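A.B. asks: Please work out how this folds:
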Amino acid sequence: MIERMNKVTIVCLADDQEQSLVELRKLGSVHVVPTATETNSAVLDDLRREHGELVQVLFYLRSLKLTDADRQAAGTPMADGEACCRECGAALTRLRHLNERCVTLDREIARLEPWGQFDIAALERLKAQGWHTALVIHPQPPKGVDWLAKYTEDVEEGEPIYEYVVARQKGQLHSLLVSRRDLSGLGLPMANFPEGSDLGALRRMSHDARHERNECEKLLRRHAVVDLASLNQQIQRLESEIRFEQTREGMGKSGGRLAFLQGYVPEAQLDELRELAHGKGWAIRYEEVADDDMDVPTKLLIPKAFRMAQVVLDFIGIVPGYREVDVSVSLLVFLALFCGMLIGDAGYGTIFTLGSLWFFLKAKKLGDRKMVESSKLLLVMSLSVVGWGALTGNWFGLKAPGLPWFTHDQNNEHIQLFCFFLGAGHMALAHLWRAKLSPGWRDRLANVGWALFLGGNYFTVKGMLIDGSFGDFTIPKWLYIAGTALIVCFGINWRSISDIINSPFTFINSFGDLLSYVRLFAVGLSSLEIAKAFNSMAAGIWSGNRCLIPIGILVLGIGHLLNVALAVMSVLVHGIRLNTLEFSGHIGLEWSGRPYRPFR
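C.D. replies: The predicted structure is shown next:
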């Protein structure tokens with residue numbers, strides 16, 4: 001269910017503003033809404049910059065592949081968390097600079113190596129004696145062709161230019177040109193050495209940069225082993241301080257002496273807030289949420305056994321609106337069932353179950369509540385896959401005994417029929433649920449009519465696609481008559497032109513929505529056929545020659561891994577879609593809510 005909210009306004013002295021926020025943060029129940037435009041705050045800018053730097057540090061440290069040697073050489077953690085943050089940030093910044101420096105030096109060394117080790121002073125001495133020099137790089141010309149001619153054709157004939165080829169590399173000549181004439185104005189393809197021409201010095205600089213880079217990496221690896229927990233605490237502290245500063249900046253001011261904030265508090269925790277306000281001398285106003293209030297957040301009260309549904313909602317990033325219905329329990333139940341049908345392989349499900357159990361035990365050991373709920377969700381989905389795969393007799397694409405109604409179904413008609421039955425029941429549940437919550441009897445009867453109409457759609461699809469004939473059409477006929485009568489009389493606003501025009505399409509769309517549930521069968525069948533195909537490929541490889549058994553096993557492993565990846569993607573696409581589009585559309589759920597985020 002969705003917990004009722006009260007809108008509150010809290011007024012305190014401007015001098016007590018910061019301490020008042022501290023007390024509100026300790027209470028941890030008020031969802032604060034800014035009442036003033038956030039101004040430029042140097043403190044907030046510094047906190048955000050520090051937070052951004054720490055996020056980069058943590059991303060780098062978590063990406064490191066630590067070895068036993070790293071763990072043995074780690075030492076003790078730093079006592080000062082802020083100093084640890086600064087040291088890690090400086091080390092990462094320096095490491096990035098050194099990486100860029102090493103790339104630059106390597107490029108310059110590669111550019112200079114064809115010239116070998118030479119003394120630039122020798123060229124200076126030639127210049128002092130009246131000889132002009134130029135180091136050039138040019139394509140190797142055909143035999144007998146003077147490549148210098150195009151550079152000297154517009155210049156009066158003078159002193160000759162002598163060329164000494166230093167190196168040939170990839171069709172390029174590295175040459176030293178010497179002449180009594182000035183070579184600077186000829187537009188020659190001069191070699192450029194921005195880092196200097198001393199190859200030995202560049203190599204020493206590269207060695208030093210690499211050594212310093214290794215030391216930075218060692219330092220960061222040590223922090224990754226012993227200080228990761230401390231850095232996580234620091235980023236949580238920074239996020240809390242940023243939220244605190246944003247809230248402080250977003251408070252309204254009145255007359256320079258008073259400060260106030262507005263927000264929402266769950267009805268069950270209103271008394272705690274009133275007692276705190278009375279004890280601290282704040283003025284407080286509370287009222288029921290107005291019907292046109294679009295800022296009110298949604299707090300879901302999900303039963304303990306189904307709280308893993310919150311993981312699904314957080315993953316998708318959707319929240320029901322405050323005035324909408326909480327479908328988290330039904331979403332979890334049907335998503336688990338859809339997951340089992342879409343993957344449909346008990347062998348895959350067994351592997352998923354073992355992995356989920358390991359994840360659950362690890363999460364329990366760490367004491368991370370979100371990880372525990374995530375592992376429970378994975379476990380439920382995995383068991384659903386095992387159950388459906390066992391019923392249909394599918395283990396890694398191999399047939400096994402199962403429920404005869406499914407396993408003896410040669411044309412898969414029973415599975416298709418179950419998909420349509422499930423779809424009709426799923427959407428009919430949405431309308432019956434909506435009828436129960438509707439305040440007016442007209443809406444209730446209209447939704448009952450839609451539930452009956454969907455039942456008629458089920459029998460129609462059954463006759464068209466499964467039986468091949470309608471046979472006795474008595475039941476669907478009366479379902480259609482009763483459903484259509486209720487919808488036409490109570491579900492259409494005859495004063496609205498758009499309602500009248502759209503009503504035929506609504507009937508047609510309900511039929512299309514039911515047909516969309518056949519995707520559960522189609523995707524599950526494709527997964528089975530892919531598994532069978534790779535099984536056949538692997539058997540064909542190793543049946544001819546036992547020496548090819550390793551290759552067959554490799555093909556089998558890659559094929560099933562690919563199939564698992566596609567199956568998991570199908571759950572994310574089709575399983576979630578049927579809940580958040582088809583079902584939600586029929587229950588009138590737009591997922592327009594704002595998540596409840598109390599100031600903590």
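A.B. asks: How far away from the center of its chain is the worst-scoring helix or strand of the chain on mean pLDDT?
C.D. replies: Least confident helix or strand of the chain, by mean pLDDT, DSSP states H and E, is helix 149-152 with a mean of 74. The chain centroid and the centroid of helix 149-152 are separated by 60 Å, computed with Cα atoms, centre = their mean, to the nearest Å.
A.B. asks: Need the three-state assignment for Leu177.
C.D. replies: Using DSSP: H, G, I helix; E, B strand; the rest coil, the structure places Leu177 in strand.
A.B. asks: Thought Leu183 was touching it, still the case?
C.D. replies: Yes - contact criterion Cβ atoms under 8 Å: Leu177 and Leu183 qualify, at 6.1 Å. (Each C-beta comes from the backbone N, C-alpha and C, glycine too.)
A.B. asks: thinking again about what came up before, alpha carbons of the least confident helix or strand of the chain, as CSV, please.
C.D. replies: Taking Å, rounded to 0.1, in the frame of the first residue of the first chain, the C-alpha atoms of helix 149-152 are listed here in CSV:
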residue,chain,number,x,y,z
ALA,A,149,63.9,20.3,-57.1
LYS,A,150,60.4,21.3,-56.2
TYR,A,151,61.6,23.2,-53.2
THR,A,152,64.4,25.1,-55.1
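A.B. asks: Contacts made by that helix with the rest, please.
C.D. replies: When contacts are defined by Cβ atoms under 8 Å, 6 or more residues apart in numbering, helix 149-152 is touched by residues 161, 186-188.
A.B. asks: Show me the two of those that sit farthest apart.
C.D. replies: Largest separation among the contacts of helix 149-152 by Cβ to Cβ: Ile161 and Gly187, giving 13.5 Å.
A.B. asks: The two: which has the busier surroundings?
C.D. replies: The residue with more neighbours, out of Ile161 and Gly187, is Ile161; 19 against 10, by other Cβ atoms under 10 Å.
A.B. asks: coming back round to it: what do Leu177 and Leu183 both touch?
C.D. replies: Residues touching both Leu177 and Leu183 by Cβ under 8 Å, 6+ apart: 133-134, 161.
A.B. asks: nearest to Ala277, of these?
C.D. replies: Nearest to Ala277 among the shared contacts of Leu177 and Leu183, counting by Cβ to Cβ, is Ala134 at 83.7 Å.
A.B. asks: ok, that closest one touching Gly185?
C.D. replies: No - Ala134 is beyond contact range of Gly185, at 11.1 Å (criterion: Cβ under 8 Å).
A.B. asks: who's more crowded, these two?
C.D. replies: Taking other Cβ under 10 Å, Ala134 and Gly185 do not tie; Ala134 has more neighbours (20 against 9).
A.B. asks: give me phi/psi at that one?
C.D. replies: Phi and psi for Ala134, reported as degrees, to the nearest 10, are phi -150, psi 130.
A.B. asks: Ok, Leu403 next?
C.D. replies: Leu403 adopts backbone torsions of phi -70, psi 120, taken as degrees, to the nearest 10.
A.B. asks: excluding its backbone neighbours, what's nearest it?
C.D. replies: Using Cβ to Cβ, 6 or more residues apart in numbering and skipping residues adjacent in sequence, the residue nearest Leu403 is Leu391, 4.5 Å away.
A.B. asks: if I look at the one you found, how far off is Leu337?
C.D. replies: As for Leu391, its distance to Leu337 is 12 Å (criterion: Cβ to Cβ, to the nearest Å).
A.B. asks: what are the ranges of the strands in the stretch 101-250 of the chain?
C.D. replies: Secondary structure of the stretch 101-250 of the chain by DSSP state E, counting those that start in this stretch: the strands cover 132-139, 161-169, 172-179.
A.B. asks: looking at those strands, which is closest to Arg71?
C.D. replies: In terms of Cβ to Cβ, the element of the strands of the stretch 101-250 of the chain nearest to Arg71 is strand 161-169, at 46.0 Å.
A.B. asks: And the contacts of the closest one?
C.D. replies: 114-116, 140, 148, 152, 173-179, 181, 183.
A.B. asks: Those: which two are farthest apart?
C.D. replies: Within the contacts of strand 161-169, Gly116 and Thr152 form the most distant pair, 27.6 Å apart (Cβ to Cβ).
A.B. asks: Show me which of these two is the more surrounded one.
C.D. replies: Higher neighbour count among Gly116 and Thr152: Thr152, with 16 against 10, using other Cβ under 10 Å.
A.B. asks: now the more buried one: how far from Ala191?
C.D. replies: Thr152 sits 19 Å away from Ala191, going by Cβ to Cβ.
A.B. asks: Likewise for Leu135?
C.D. replies: Distance of Leu135 to Ala191, given as Cβ to Cβ: 4 Å.
A.B. asks: What mean pLDDT does the strand or helix carrying Leu566 get?
C.D. replies: According to DSSP states H and E, Leu566 maps onto helix 549-570. The pLDDT scores in helix 549-570 average 88.
A.B. asks: Touching the helix or strand following that helix from outside, list them.
C.D. replies: Using DSSP H and E, the helix or strand that follows helix 549-570 in sequence is helix 576-577. With contacts defined as Cβ under 8 Å, 6+ apart, helix 576-577 is touched by 312, 316, 335.
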